[in-house]
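turn this into a structure:
(one chain, ligands or ions: 1)
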Amino acid sequence: MEGVISRIPGGKNLRDYEEACRTFSFREAAAELYGNRPGPVNIAYLAVDRQVTEKGLRDKTALFFESGDREEKYTFAQMAAYSNKFANVLKKHGIGKTDRVGIFMPRCPELYISFLGIVKRGALAVPLFEAFMEDAVFDRLRDSGAKAIITTPELRKRIPANKLPDLKHVFVVGGCGTLKKGDIQWHNEMAEASREYEVTRAGPEDPYLLLYASGAEGSPKGILHAHRGAVGIYITAKWVHDLCQDDIYWCTADPGWITGIAYGFLGPWMHGVSVVIRGGRFDAEDWFKTLSKYKVTVWYSAPTAFRMMIRGGPGLHARYPLYLRHILSVGEPLTGEVLEWSLRELGQPIYDTWWMSETGMNLICNYRCLPLKVGSIGKPFPGVRAAVIDDEGNELPPNQIGNLAIEAGWPAMFTGVWNNHEEYYNYFRHYPWFTTGDAAYYDRDGYFFFQGRVDGVINTAGERVGPNEVENRLLQHPAVTDAGVVGKPDSLRGEIVKAYIRLDESYNWTKELADDIRNFVKQGLAAHAAPREIEPRGFIPKDREGRNNRRVLREWALGLDHK
Ligand code: PRX
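Modelled structure (predicted):
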């Protein structure tokens with residue numbers, strides 16, 4: 001599918017993009033969000049308490065939650081009170097400002113309550129995706145020096161507390177009677193805690209979130225976000241997601257990733273909007289049911305999920321009445337197949353948005369008030385300057401592929417890389433540009449087109465996988481003497497993780513061995529990081545410094561070496 005889709009009427013908040021670009025500044029958005037307060041306020045207060053104390057929404061449902069046999073809803077007043085309780089629990093256990101607290105749980109209300117409690121206390125939430133296995137959990141907890149973690153009995157098994165000297169408290173949600181010695185029962189503590197808590201004041205640069213993201217080389221990086229980011233999340237939730245108070249919003253991303261945090265709950269709640277959180281595994285029919293049952297009006301998801309819905313069964317959408325008025329996508333290229341499907345079956349286009357863990361907010365987007373160009377990630381958010389630069393930092397003209405860069409200074413820009421200043425400055429090596437690591441070009445109308453990663457970072461089903469992390473794990477397997485990992489194009493997942501290995505001479509290549517190696521990676525890191533394809537080769541290509549040559553690996557993955 002190609003071409004332009006003309007503007008679809010019905011957007012409510014941003015009426016004139018060009019005018020906003022001329023006149024808008026983030027100072028204006030800050031004034032709208034903070035009112036007449038002198039400076040940034042704790043983002044957790046802005047998300048929940050404020051809806052109760054200032055906006056008259058105490059009894060409005062903040063959260064509709066459904067997973068397995070749990071089906072619950074929580075008002076803004078409940079979320080405010082429960083998160084106060086958890087802040088008091090943390091206080092009781094000596095956890096305070098700037099301490100890091102891990103969250104390692106499947107989606108459940110306790111996760112959101114804990115997150116808000118941590119942030120209200122002035123501590124830093126360290127979300128860990130529930131699919132992480134022991135090595136991945138260990139790396140992140142060790143690097144962050146987390147003092148406490150909140151988990152479930154099932155996931156508790158993957159936390160090697162004895163190897164983590166900084167980790168003093170393990171809070172366990174559920175599973176009464178089965179606690180390990182020294183672990184603390186989350187619900188018991190909550191029952192005893194007061195509902196009253198004075199939310200810790202937050203300065204603009206005070207961090208509230210430490211989120212690990214994979215890079216091409218080395219271990220995952222701890223991306224720091226500060227309370228000032230609220231301004232960027234707030235105004236994009238309004239202008240990009242077009243949220244209004246009577247919307248029902250469903251962002252399908254997991255809260256282990258930035259999307260599930262910024263737009264999963266913080267952004268919509270700052271607008272007093274009810275959110276749907278659906279736990280459990282993906283199931284196409286169940287997703288249609290969820291959209292229908294909760295009368296979701298604004299839906300934020302990802303291309304692989306849309307493709308899985310398309311393949312889940314033709315006509316499924318027709319069985320469930322839908323109430324959608326705005327659909328958005330993130331994380332991977334929005335393919336023509338998906339756009340065609342949404343136009344045909346859902347009667348409206350999907351609006352792509354581009355951003356990263358590091359950017360903290362949507363930065364290049366499609367808007368209701370502009371025509372869509374098929375294949376484009378859209379235009380910079382008003383007040384944001386994006387460019388395409390060469391390797392020396394010079395700006396390139398339209399229609400030339402180069403490094404996608406954003407001028408530093410947008411409100412939700414990350415404030416650091418934990419324990420690694422050098423990494424942080426590396427992003428700004430062409431200051432004032434922040435170098436994204438993505439390749440892109442823009443056309444003469446100012447629309448940007450994503451052209452893949454510049455480095456070797458793999459994007460599989462919208463999830464960011466560092467090839468180096470997978471290679472290191474592969475090398476720990478006794479049958480593997482060398483390994484090179486690369487993204488291979490895939491029609492469902494965008495890319496899959498493909499591993500080339502050099503086999504130890506004492507092993508024979510069999511399907512069983514391939515499965516064993518795949519499982520070994522899965523057990524150590526996470527299912528999404530395990531290679532879907534493993535191929536033995538006589539050598540792994542290297543560059544002059546002796547590092548894996550990712551260009552040649554990519555050629556192998558595309559089959560170019562056989563052509
Ligand atoms: O390569 C880009 C891709 O996802 C990367 C960021 O990944 P992460 O930090 O996990 O955040 C994901 C969602 C915020 C980017 O560097 N990406 C993000 N949005 C898009 C995208 N690729 C294509 N199209 C997009 N809309």
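
show me what from the stretch 301-450 of the chain comes close to the ligand.
330-333, 352-357, 377, 436-438, 450 (Cβ under 6 Å from any ligand atom). Bear in mind the C-beta positions are built from the backbone N, C-alpha and C, glycine included.

how about a cut-off of 5 Å?
V330, G331, P333, D352, W354, W355, M356, S357, I377, D438, F450 (Cβ under 5 Å from any ligand atom).

how about the residue of the chain found nearest the ligand: what's its closest non-neighbour residue?
The ligand sits closest to S357 of the chain, with a gap of 3.3 Å, by Cβ to the nearest ligand atom. Sequence neighbours aside, A213 is the residue nearest to S357 in space, at 4.0 Å (criterion: Cβ to Cβ, 6 or more residues apart in numbering).

count of residues packed around that neighbour?
By other Cβ atoms under 10 Å, the residues close to A213 number 18.

tell me the contacts of it?
Taking Cβ atoms under 8 Å, 6 or more residues apart in numbering as the criterion, A213 is in contact with P220, K221, I223, I258, M356, S357, E358, R464.

element containing W410?
Secondary structure from DSSP states H and E places W410 outside every helix and strand.

okay, now it: neighbour count?
A total of 22 residues lie near W410 under the criterion other Cβ under 10 Å.

assign the residue in the chain sticking out farthest from the centre to helix, strand or coil.
Largest separation from the mean C-alpha position in the chain: S506, at 41.9 Å (Cα atoms, centre = their mean). Per DSSP: H, G, I helix; E, B strand; the rest coil, the local secondary structure of S506 is coil.

distance between the ends of stretch 329-339?
Distance between the two ends of stretch 329-339: 10 Å, counting by Cα to Cα, to the nearest Å.

lowest-pLDDT helix or strand in the chain?
helix 316-319 (a mean of 86; mean pLDDT, DSSP states H and E).

buried ones in that one?
For helix 316-319, a neighbour-count test (16 or more other Cβ atoms under 10 Å) marks L316, H317 as buried.

then it to CSV, C-alphas only?
Extracted as CSV, the C-alpha positions of helix 316-319 are listed here (Å, rounded to 0.1, in the frame of the first residue of the first chain):
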residue,chain,number,x,y,z
LEU,A,316,-13.4,-11.7,14.1
HIS,A,317,-13.8,-8.0,14.3
ALA,A,318,-17.4,-8.3,13.0
ARG,A,319,-18.4,-10.4,15.9
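
now for the helix or strand just after it, which elements pack on it?
With elements assigned by DSSP H and E, the helix or strand that comes after helix 316-319 is strand 326-330. Counting contacts by 3 or more Cβ pairs under 8 Å, 6 or more residues apart in numbering; DSSP states H and E, strand 326-330 packs against strand 298-301, strand 351-354.

mean pLDDT and mean neighbour count added to the ones you listed, as JSON lines?
Shown next, in JSON lines, are the helices and strands packed on strand 326-330 (pLDDT from 0 to 100; neighbours: other Cβ atoms under 10 Å):
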{"stretch": "strand 298-301", "mean pLDDT": "98", "mean neighbour count": "24"}
{"stretch": "strand 351-354", "mean pLDDT": "98", "mean neighbour count": "26"}
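
would TSV of those with distance to R50 be doable?
Putting the helices and strands packed on strand 326-330 into TSV (distance: least, Cβ to Cβ, whole Å) gives the following:
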stretch	distance to R50
strand 298-301	21
strand 351-354	25
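
quick one: which of the ones you listed is nearest E533?
Closest approach to E533 among the helices and strands packed on strand 326-330 (Cβ to Cβ): strand 298-301, 26.2 Å.

how about the very next helix or strand once past that closest one: buried residues?
Downstream of strand 298-301, the first helix or strand assigned by DSSP H and E is helix 303-311. Across helix 303-311, burial judged by 16+ other Cβ under 10 Å covers P303, T304, A305, F306, R307, M308, M309, I310.

ok, now stretch 407-416?
So stretch 407-416, judged by 16+ other Cβ under 10 Å, has buried residues W410, P411, A412, M413, F414, T415, G416.

point out where this protein drops to low pLDDT.
176-177, 562-563 (pLDDT under 70).

tell me which parts of it are close to the ligand?
Counting by Cβ under 5 Å from any ligand atom, the residues of the chain lying close to the ligand are 213, 330-331, 333, 352, 354-357, 377, 438, 450, 464.

identify the farthest-apart pair in those residues.
Greatest spacing in these, by Cβ to Cβ: A213 and D352 (20.3 Å).

please enumerate the helices of the stretch 151-300 of the chain.
Secondary structure of the stretch 151-300 of the chain (DSSP state H, counting those that start in this stretch): helices located at 153-156, 186-192, 230-239, 258-261, 267-270, 284-293.

got it, and the stretch 401-550 of the chain?
Along the stretch 401-550 of the chain, counting by DSSP H, counting those that start in this stretch, helices occupy 421-427, 467-475, 511-524, 550-557.

and the longest helix along the chain, what does it pack onto?
Criterion DSSP state H: the longest helix present in the chain is helix 76-92. Counting contacts by 3+ Cβ pairs under 8 Å, 6+ apart, helix 76-92 packs against helix 50-53, strand 61-67, helix 109-120, helix 186-192.

at 10 Å instead, please
Helix 76-92 makes packing contacts with helix 43-44, helix 50-53, strand 61-67, strand 70-75, helix 109-120, strand 148-151, strand 169-172, helix 186-192 when contacts are defined by 3 or more Cβ pairs under 10 Å, 6 or more residues apart in numbering; DSSP states H and E.

would you turn those into TSV with mean neighbour count?
As requested, the helices and strands packed on helix 76-92 are exported to TSV (neighbours: other Cβ atoms under 10 Å):
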stretch	mean neighbour count
helix 43-44	29
helix 50-53	20
strand 61-67	20
strand 70-75	14
helix 109-120	27
strand 148-151	27
strand 169-172	22
helix 186-192	15
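
out of the ones you listed, which comes closest to S292?
Using Cβ to Cβ, these put strand 61-67 closest to S292, at 12.8 Å.

what are the pairing partners of that closest one, and which direction each?
Paired strands of strand 61-67, with direction, are strand 70-75 (antiparallel), strand 274-278 (parallel) (DSSP bridges).

so which of the ones you listed is nearest G494?
strand 274-278 (22.3 Å).

can I get that closest one in PDB, CA atoms only?
Written as PDB, here are the backbone C-alpha positions of strand 274-278 (Å, rounded to 0.1, in the frame of the first residue of the first chain):
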ATOM      1  CA  SER A 274      -9.900   5.400  32.500                       C
ATOM      2  CA  VAL A 275      -7.400   2.700  31.400                       C
ATOM      3  CA  VAL A 276      -7.900  -1.000  30.600                       C
ATOM      4  CA  ILE A 277      -5.200  -3.400  31.700                       C
ATOM      5  CA  ARG A 278      -5.500  -6.900  30.300                       C
END
